[in-house]
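Colleague: Structure, please.
(one chain, ligands or ions: 2)
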Amino acid sequence: MLTGRIFNIMKYSIHDGPGIRTTVFFKGCPLKCQWCHNPEGQEFAQELMYRPDKCIGCGRCLEVCPSGAVIFSEEKLVYQRDQCQACGECCKTCCSGVRELVAKSMSVDEVMAEIEKDLIFYDESGGGATFSGGEALMQPDFLLEVLKQCRKKEIHTAVETCGFVKLDTLKTISEFVDLFLYDLKLMDSKKHQDVTGVPNELILTNLRWLAENHPHVIVRLAIIPGINDDEENLQRLGEFTAELKGVTELHCLPYHRAGADKYRRLGLEYCLPDIQPPDDERMKEIAGELEQFGFKVKIGG
Ligand SMILES: C[S@@+](CC[C@H](N)C(=O)[O-])C[C@H]1O[C@@H](n2cnc3c(N)ncnc32)[C@H](O)[C@@H]1O
Ligand code: SF4
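Modeller: Ligands and ions are numbered 1, 2, ... in the order given. Next up, the predicted model:
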């Protein structure tokens, strides 16, 4: 049976496309943006979120762990992530919420059942389902089946993407997507590589194709102060986007640090400790600059 690796399904979302939406988060992403608020969506492999502050020291995890990832040392339980195989046995036995598996395997029917629970809200608000992550396009077979089901049931669909996928995959998927929310992170490929782990040529090529062949593409830019809000980047992004015939709208998302704590729980380092979110005035200034290229600019999703 076809299954997807899903790490969250968010209800009543109003920032991931028009109206009230259900957003499905796919695990696995080809990028590792330093500011990403969903670090649990980056690795395709299953992972464990760990919150030692909640531990009451009962030792149940130590008893059930088959790989020796939990040890008793200096009078406390110690979790050795490098030994962990994310089997989830400790999560089942822990009663304090210290351990949690990030993702679960879901069938198309299970995902559709979640989406369909809120049909009434989509109808009233002009909403639908959004597929995000991580990167939904990294699980193309599963995504395609869910999209086909949505089309059959007349549920509006949006895909949030970083665009770093094979063009053929994008072509196949795009037929069944009503709206693309397409991120452009940085125009300079070298800088893009430094902060996301990959260059941007493929992303730009794919966006050119999509803009010519899909009726509804919105370009998105998360404003990360000191990383992509400089004049040169905004100018290049504005010029590039203005040349895309089908794109008339651009959304600017202010950087936020909401995901910072999740890095700690995943045993990762949050690389951007000192960056402050841009204030409203700065966001309006940036929106004003980009509007001069002739498209509608919205602050927020
Ligand atoms: C987490 S990404 C997942 C979809 C896809 N991988 C992408 O990058 O578009 C969804 C959106 O969140 C934005 N985002 C990620 N981290 C952010 C942060 N710290 N502050 C503001 N927006 C952020 C991204 O720019 C993107 O528009
Ligand atoms: S591409 Fe999206 S999900 Fe992937 S790391 Fe960047 S912001 Fe996060």
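Colleague: what's the pLDDT at Cys271?
Modeller: Per-residue pLDDT puts Cys271 at 86.
Colleague: Lys296 - how many residues pack around it?
Modeller: Neighbourhood size, Lys296 [other CB atoms under 10 Å]: 12. To be clear about C-beta, it is placed using only N, CA and C from the backbone, and glycine gets the same treatment.
Colleague: okay, now the closest residue to it other than its chain neighbours: neighbour count?
Modeller: Distances taken as CB to CB, 6 or more residues apart in numbering place Glu249 nearest to Lys296, at 4.8 Å, with adjacent residues excluded. Neighbour count for Glu249, taken as other CB under 10 Å: 15.
Colleague: and Glu145, what element?
Modeller: Per DSSP states H and E, Glu145 falls inside helix 140-152.
Colleague: what helices or strands is that helix leaning on?
Modeller: strand 3-13, strand 21-26, helix 108-116, strand 128-133, strand 156-161, helix 167-174 (3 or more CB pairs under 8 Å, 6 or more residues apart in numbering; DSSP states H and E).
Colleague: Report the contact partners of the closest residue to ligand 2 within the stretch 151-300 of the chain.
Modeller: In the stretch 151-300 of the chain, no residue comes nearer to ligand 2 than Cys162, which is 3.5 Å away by CB to the nearest ligand atom. Cys162 sits next to Cys29, Pro30, Leu31, Cys33, Glu135, Asp183, Lys185, Thr196, Ile203 when contact means CB atoms under 8 Å, 6 or more residues apart in numbering.
Colleague: go on, Ser132?
Modeller: Neighbour list for Ser132: Asp16, Thr23, Val24, Phe25, Phe26, Val159, Glu160 [criterion: CB under 8 Å, 6+ apart].
Colleague: where does this protein come near ligand 1, residue by residue?
Modeller: Within the chain, the residues that sit near ligand 1 (CB under 6 Å from any ligand atom) are 29, 35-38, 132-133, 135, 160-162, 183, 220, 222, 253, 255-256, 259.
Colleague: so of these, which ones are in strands?
Modeller: Cross-referencing the residues of the chain next to ligand 1 against strands under DSSP state E gives Ser132, Gly133, Glu160, Thr161, Asp183, Arg220, Ala222, Leu253.
Colleague: Tell me the strands beside the host helix or strand of Leu181, with direction?
Modeller: Using DSSP H and E, Leu181 sits in strand 179-183. According to DSSP bridges, strand 179-183 has the following sheet partners: strand 156-161 (parallel), strand 217-223 (parallel).
Colleague: Glu232 and Lys191, how far apart?
Modeller: Distance of Glu232 to Lys191, given as CB to CB, to the nearest Å: 10 Å.
Colleague: The two: who's more crowded?
Modeller: Of the pair Glu232 and Lys191, Lys191 is the one with more neighbours under other CB under 10 Å, namely 18 against 11.
Colleague: That one and Glu269, how far apart?
Modeller: Separation of Lys191 from Glu269 (CB to CB): 20 Å.
Colleague: just the strands paired with strand 179-183: most buried one?
Modeller: strand 156-161 (a mean of 24; mean count of other CB atoms under 10 Å).
Colleague: what's in contact with that one?
Modeller: 16-19, 21, 122, 126-133, 135-137, 143, 147, 150-151, 173, 176-183, 220.
Colleague: quick one: average pLDDT of that strand?
Modeller: Per-residue scores along strand 156-161 average to 98.
Colleague: Since that was my last question, I'll sign off now.
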